[in-house]
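> Take this sequence and fold it.
(one chain, ligands or ions: 1)
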Amino acid sequence: MTTVTSDLKKSAKKVPVRGMMDNVMEQFNSAADHINLHPNIRKILSITNNEILVNFPVKMDNGEVEIFTGYRVQHNNALGPYKGGLRYHPTVDLDAARALAMWMTWKTSLAGLPYGGGKGGIKIDPKKYSESELERITRRFTFALADNIGPEHDIPAPDVNTNSQTMAWIADTYMSTRPPAERTANQHVVTGKPDASGGLEGRDRATGYGVYLTIKFWAEKTNVSLNGKKFIVQGFGNVGYWASYFLEKDGAKLVAVQDASGSIENQNGIGVDELFAHCQNNSGRIADFAGSKTVDGNKFFAIDCDICIPAALGNQITKENAPDIKAKLIAEGANGPTNVEGEKILLDRGITIIPDILCNSGGVVGSYFEWLQNRNGEIWQLDEVMVKLDKKMKESFNKVYDYSKTQKVDMRTAAFCIAIQRIEKAYIQRGIFP
Ligand code: GLU
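Next up is the predicted model:
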């Protein structure tokens, strides 16, 4: 068996995660050039507003104290409170948080939400800690962040290796440390909570459903039928699973999957629900799935398919593997999965990329619905959520697609231009204090 200690880690090592900031800045600058962005606004958007780094102690199960480092970077709030996830991963550092926060600014702006962009997390491998340790780490991190987060100021959400349980701990800790009369009114300090704790029905599938929708919209625009199309997915977490689930319902065939435990392939099709059930009994890992063969992780992106969905970490598609990619469409479920060099090769080869800030924006749109629901004291039904999500994703997709056609630019440049112009307008209207 290929032990991909892993396939994901190997690729991450080749291109340091530090490169994410270079990527987002190159993407930003090329769009800024295209729209001739005002130089003062370019200066403002090139830097982050606030960068919070906290070191905090936590008592482990064995009684010893360990020190953890957590981050929250707030890039820009011209359009509204900072919004973005918290990830628990060894690659989390200031540079990664900066890049990911910037992507959130473009993502929320493009989606037409009243939010800015932030991101953060803890430099940690959560697999090494027990559930009760993770709870104490999360609660102490929340306490350390203190008033740097807040329901009308900075609203975290799940990201890599964090989930609704993590959000419930954050909400509870934040609310417990408010003055008594303010406690319950602060539930929307985080989104992505479990349903009984103010969570939104359907928030779990919102990102993956959005990924699927953007693929479906692209297929409709280009007169392609998804029936029988083969797709591969890197990362079988929340995003990878739900995107696969909806694609399979439309007749597309999952033929290969990669996660930190290995890479598997079956050109006759991998049953999405079978693989999901296998993961449930296998600590979330795809390795050893009976209905497939194990393949070389380094050649994962070269597997024969029509659609490729990177839904794990950043910097996975690079100049090393881009020339071998067989897919005609890349749908970026992850943030920053394609670096600038890799992207150039793909575009030269005529491969379409649905960029992350559009493709995976269903998650933050779902978060916005949850925030509104909490703020207004409402409880929304699943069918209502899905219809609203569909409408929002379609609007964003059409805006980006049409811009890319009329301006003759790729979809990422189009998405960035639209996002930046909305923020530029806000600055022009308001001016710079004082
Ligand atoms: N972490 C997700 C993202 O990268 C969701 C962010 C949110 O809902 O605030 O878009």
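
> Neighbours of Val257, how many?
For Val257, the number of neighbouring residues by other C-beta atoms under 10 Å comes to 29. (Each C-beta comes from the backbone N, C-alpha and C, glycine too.)

> In three-state terms, label it for me.
strand (DSSP: H, G, I helix; E, B strand; the rest coil).

> was I right about it contacting Gly237?
No. Using C-beta atoms under 8 Å, Val257 is not in contact with Gly237, being 11.1 Å away.

> Phi, psi for the residue in the stretch 1-150 of the chain positioned nearest to the ligand please.
Closest contact between the stretch 1-150 of the chain and the ligand, by C-beta to the nearest ligand atom, is at Gly85 (2.8 Å). Per-residue torsions, Gly85: phi -80, psi 170 (degrees, to the nearest 10).

> tally of neighbours for it?
A count of nearby residues for Gly85, using other C-beta under 10 Å, gives 26.

> Contacts only, for it.
Counting by C-beta atoms under 8 Å, 6 or more residues apart in numbering, Gly85 touches Leu100, Lys119, Gly121, Pro156, Ala157, Pro158, Asp159, Val160, Thr162, Gly192.

> quick one: it and Ala32, what's the gap?
Counting by C-beta to C-beta, to the nearest Å, the gap from Gly85 to Ala32 is 25 Å.

> just to revisit the earlier point, sitting in strands, which of the contacts of Gly85 do you find?
Among the contacts of Gly85, the ones falling in strands (DSSP state E) are Lys119, Gly121, Pro156, Ala157, Pro158.

> neighbour-wise, which of these leads?
Lys119 (31 neighbours).

> Can you tell me, leaving aside adjacent residues, what's nearest to the residue in the stretch 251-400 of the chain positioned nearest to the ligand?
Nearest residue of the stretch 251-400 of the chain to the ligand: Ser367, at 3.3 Å (C-beta to the nearest ligand atom). Distances taken as C-beta to C-beta, 6 or more residues apart in numbering place Thr191 nearest to Ser367, at 3.7 Å, with adjacent residues excluded.

> Quick check, the one you found in contact with Ala157.
Yes. Assessed by C-beta under 8 Å, Thr191 is found in contact with Ala157 at 4.7 Å.

> how about Gly84, secondary structure?
strand.

> near the ligand, which residues of the stretch 201-350 of the chain?
By the rule C-beta under 6 Å from any ligand atom, the part of the stretch 201-350 of the chain lying against the ligand is Asn335.

> Would you map the strands across the stretch 201-350 of the chain?
Taking DSSP state E, counting those that start in this stretch as the criterion, the stretch 201-350 of the chain contains strands spanning 230-234, 253-259, 262-265, 293-294, 307-310, 329-331.

> how long is stretch 41-50 from one end to the other?
End-to-end distance for stretch 41-50, by C-alpha to C-alpha, to the nearest Å: 17 Å.

> right, and the helix or strand after the worst-scoring helix or strand of the chain on mean pLDDT?
When the helices and strands of the chain are scored by mean pLDDT, DSSP states H and E, helix 7-14 comes last with a mean of 45. For helix 7-14, the succeeding helix or strand toward the C-terminus, using DSSP states H and E, is helix 19-35.

> rewinding a little: the ligand next: which of the contacts of Gly85 are close?
Within the contacts of Gly85, those near the ligand by C-beta under 6 Å from any ligand atom are Ala157, Asp159.

> Show me which of the contacts of Gly85 is closest to Phe141.
Gly121 (8.9 Å; C-beta to C-beta).

> My guess is that closest one contacts Ala97. True?
Yes. Shown here, Gly121 and Ala97 form a contact pair, counting by C-beta under 8 Å, at 6.8 Å.

> Quickly list what's touching both of those two.
Tyr71.

> Please list all residues in contact with Trp371.
By C-beta under 8 Å, 6+ apart, the contact list for Trp371 reads Pro151, Ile155, His188, Thr191.

> Just those residues: which are in helices?
If you go by DSSP state H, the contacts of Trp371 have nothing in helices.

> Check the residue in the stretch 151-300 of the chain positioned nearest to the ligand and give its pLDDT.
Going by C-beta to the nearest ligand atom, the ligand is nearest to Ala157 of the stretch 151-300 of the chain, at 3.2 Å. Confidence at Ala157, expressed as pLDDT, is 98.

> Taking helix 19-35 as reference, get the angle to the lengthiest helix in the chain.
In the chain, taking DSSP H as the definition, the longest helix is helix 382-407. Orientation of helix 382-407 against helix 19-35 (axes from the mean of the first three to the mean of the last three C-alpha atoms, to 10 degrees) gives an angle of 60 degrees.

> and the longest strand for the protein?
Per DSSP E, the chain has its longest strand at strand 65-76.

> That one pairs with which strands, and in what direction?
Sheet pairing here is set by DSSP bridges, and for strand 65-76 it gives strand 50-59 (antiparallel), strand 117-122 (antiparallel).

> Where does the prediction get shaky in this protein?
Scanning the chain for pLDDT under 70 picks out 1-18.

> Please enumerate the helices of the stretch 151-300 of the chain.
164-176, 203-221, 238-249, 272-280 (DSSP state H, counting those that start in this stretch).

> Including distance to Gln429 and mean neighbour count, could those helices go into JSON lines?
Compiled in JSON lines, the helices of the stretch 151-300 of the chain are given as follows (distance: least, C-beta to C-beta, whole Å; neighbours: other C-beta atoms under 10 Å):
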{"stretch": "helix 164-176", "distance to Gln429": "33", "mean neighbour count": "21"}
{"stretch": "helix 203-221", "distance to Gln429": "30", "mean neighbour count": "24"}
{"stretch": "helix 238-249", "distance to Gln429": "35", "mean neighbour count": "23"}
{"stretch": "helix 272-280", "distance to Gln429": "47", "mean neighbour count": "17"}
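
> So which of those helices is nearest Ala196?
helix 164-176 (8.9 Å).

> now for that closest one, which elements pack on it?
strand 82-88, helix 131-145, strand 154-158 (3 or more C-beta pairs under 8 Å, 6 or more residues apart in numbering; DSSP states H and E).

> Let me know the angle separating the shortest one from strand 50-59.
Between strand 154-158 and strand 50-59, the angle formed by their directions is 60 degrees, by the same axes, to 10 degrees.

> what's the offset of strand 154-158 from the middle of its chain?
Between the centre of strand 154-158 and the centre of its chain there are 12 Å (C-alpha atoms, centre = their mean, to the nearest Å).

> Now tell me what touches it from outside.
When contacts are defined by C-beta under 8 Å, 6+ apart, strand 154-158 is touched by residues 72, 74, 81-86, 115, 118, 120, 148-149, 164, 166-167, 170, 188-192, 238, 363-364, 367, 371.
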